[in-house]
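Visitor: predicted model, plus sequence, below.
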Amino acid sequence: MSRAPSAADAFPVTIVVAIACGTLAVLTRMFGPPEEFEALLLEHGMLTPRLVADGDWWRLLAAAFLHGGAVHLVFNLLMLWNLGPAIEQSLGSLRFAALYVASALFGNVAVCLLYDPRQPVIGASGAIFGLMGAAVALNMRSGRHAFAFLDFEGPRRLFGTIAVNLVIGFLLPFVSNTAHIGGLLAGFAVTWLWLAPARRASPGLRRWRLAVSALGLALLAWSLCPVTRADWLQKAYNRELDPAREAQLREALRAADEPAALRRRRR
Amino acid sequence: MPPLLATAARQLPLALVWAAALWPVLLWLVHAQDPVAAVRLAQGAAAAWSATWPWGLGSALALAVVYPPAPAFVRRALHRWRQGLLLDQQALLVKLGDLREFETSARHLEIGRMLRQARKHEQAIPHLGRAVELDESLTGGWHQLGLALFALHQWPAAARCFERAEALEAGHAFGDALLCFGRCLYMVKDGRALATLEEHAHRHGGGPRSGLWLAEARARAGDRAGAVAALRQAAQKPAHRLSPEDGWCRALARVRLWGKGGAA
């Protein structure tokens, strides 16, 4: 006997992501004492660039399913519920999952590259901005030419939504716009180059795919091994046994710390 | 833009992506040899990057203040860039498919016009050439072919096309064929240039582009007062929003007028 298709059949990944975020909110005891909540967040995958460089690479993904409070969680789930089903139906669940993972990953890679090594970051908003980037790419692919969609009011408003969210990110000090922009760019690039390629193969597509793949891998590797950052040099120094190499690393560590030392002197 | 420069400009975004991808690799390689040098290199790049934004913004503002045509130049460049992007590939493919079925001058003209509007002048020329070969009385074909050749700075060939268009239909395209014919003659230093541009101004009225080119022709002929009058006309405040090309010519006319001591 056949059954009526449900929402879970149509867009299972969106629902799985929403359930994962909700489950982790419960597991991290979002409504419990703040100290315990913070400790559980750290245990479950809260990201700091230093921890990622220390080998906790899994935090790059795990942090995208954790949230810092009820408002944060509800706002992100609302955005996911607004954007996810339409994009998942357009791309298919498997490609949607790839898009979500890539956006979450590169949103957090951007944080690792540009933030203070001790700065903690959590939230799904990088991945959700990736969905917005994907929506832009899908609209650009849908018309007769890349900007044909700007003739229509609905798709034009997408830019308004992105702009408003970015402005909110700039205005609120505790919002990581770096992750938003990283996710947005990753979502756009992944969709434009891989998930929704043009109907006619363009000769430049392969070159762009190669270049963007190289860039993605280099940035990912750089967030795992930032060889010029003080925290990474310290770690390398701590585990080094060769005295000559230790001396080299000590010098590099001193050089990497210099700007901070200069800033302290100026104060 | 020269072809080599145009190719370089097209490849620039891809080159920047590769440069960004290779930067961490470079730092790792330097780190393997000398960790201090890698740190210094990264810090130097970060400092340069931080300084780039204020310097870039400051330079752009200074350029806009010191050289007023800068905004007009940017508007024209953006317009050209957008035109290059807006080629309706689907419609072009349909037209090319139609051409295989039955070749007509109108179809070649339409394809050539689409390619030219997308600034693919080299690709447009064979189609426009074939259009006027099939129908020598196709005024629009001669005009479009002239414009494509004009954009590639092939002045003598463009002049012949504009002359033909003007001979077939006087005042074609609201006088654009005559104006471009005059400009081509000016570029090849033909003595008829001034008379042609004067005739255009007389028959079709002025405009920033017409005024600027007429001023250049008059200045070459030694008529300084006439050149200033033409520049003044070109620099007039327009009653409506000018096209990017006309806006650029008006901005140039204003600057040249200042140089000649007149008020814009």
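Guide: Here it is on my side, so go on.

Visitor: stretch A:12-27: which residues count as buried?
Guide: Residues of stretch A:12-27 classed as buried under the neighbour-count rule (16 or more other C-beta atoms under 10 Å in any protein chain shown) are A:Val13, A:Thr14, A:Ile15, A:Val17, A:Ala18, A:Cys21, A:Leu24, A:Ala25. All C-beta spots, glycine's among them, are computed from the backbone N, C-alpha and C.

Visitor: element containing the residue nearest in space to the middle of chain A, please.
Guide: By C-alpha atoms, centre = their mean, chain A has its centre lying nearest to A:Gly107, at 2.2 Å. Assigned by DSSP states H and E, A:Gly107 belongs to helix A:93-114.

Visitor: list the buried residues of that helix.
Guide: By 16+ other C-beta under 10 Å, the buried positions in helix A:93-114 come out as A:93, A:95-113.

Visitor: state the mean pLDDT of it.
Guide: Averaging pLDDT along helix A:93-114 gives 95.

Visitor: give me the low-pLDDT residue ranges for the chain?
Guide: Since you didn't name a chain, this refers to chain A. The model of chain A has pLDDT under 70 over residues A:1-9, A:144-145, A:200-201, A:259-267.

Visitor: you looked at the wrong chain, it should be chain B
Guide: By pLDDT under 70, the weakly predicted segments of chain B are B:1-3, B:6, B:68, B:259-264.

Visitor: quick one: contacts for residue 63?
Guide: Since you didn't name a chain, this refers to chain A. A:Gly45, A:Met46, A:Leu47, A:Asn108, A:Val121, A:Ile122, A:Gly123 (C-beta atoms under 8 Å, 6 or more residues apart in numbering or on different chains).

Visitor: let me rephrase: I mean chain B.
Guide: Contact analysis of B:Leu63 by C-beta under 8 Å, 6+ apart lists B:Ala70.

Visitor: report the secondary structure state of it.
Guide: For B:Leu63, the assignment made with DSSP: H, G, I helix; E, B strand; the rest coil gives helix.

Visitor: which residue packs closest to the residue of chain B found nearest chain A, ignoring adjacent ones?
Guide: Using C-beta to the nearest C-beta, the closest approach of chain B to chain A is made by B:Pro35 at 3.4 Å. Once flanking residues are discounted, B:Pro35 sits nearest to A:Ala252: 3.4 Å by C-beta to C-beta, 6 or more residues apart in numbering or on different chains.

Visitor: cool, B:Arg256 as well?
Guide: Take B:Arg256 and drop its neighbours on the chain: the residue closest to it by C-beta to C-beta, 6+ apart is B:Leu231, 5.6 Å away.

Visitor: quick check: the residue nearest to B:Pro35 touching B:Ala32?
Guide: No - look at A:Ala252 against B:Ala32 with C-beta atoms under 8 Å: they stay out of range, at 11.9 Å.

Visitor: can you list the residues of chain A near chain B?
Guide: Within chain A, the positions near chain B by C-beta under 8 Å from any C-beta of the partner chain are A:144-147, A:200, A:204, A:207-208, A:211-212, A:214-215, A:217-219, A:221-222, A:225, A:227-228, A:233, A:248-249, A:251-252, A:255-256, A:258-259.

Visitor: alpha carbons of stretch A:19-31, as PDB, please.
Guide: C-alpha atoms of stretch A:19-31 as PDB (Å, rounded to 0.1, in the frame of the first residue of the first chain):
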ATOM      1  CA  ILE A  19      16.700  17.700  14.600                       C
ATOM      2  CA  ALA A  20      20.500  17.600  15.100                       C
ATOM      3  CA  CYS A  21      20.600  21.200  16.200                       C
ATOM      4  CA  GLY A  22      17.700  20.700  18.500                       C
ATOM      5  CA  THR A  23      19.200  17.500  20.000                       C
ATOM      6  CA  LEU A  24      22.500  19.200  20.600                       C
ATOM      7  CA  ALA A  25      20.800  22.000  22.300                       C
ATOM      8  CA  VAL A  26      19.300  19.500  24.700                       C
ATOM      9  CA  LEU A  27      22.600  17.600  25.100                       C
ATOM     10  CA  THR A  28      24.500  20.800  25.900                       C
ATOM     11  CA  ARG A  29      21.800  21.800  28.400                       C
ATOM     12  CA  MET A  30      21.100  25.100  26.800                       C
ATOM     13  CA  PHE A  31      18.800  26.100  29.700                       C
END
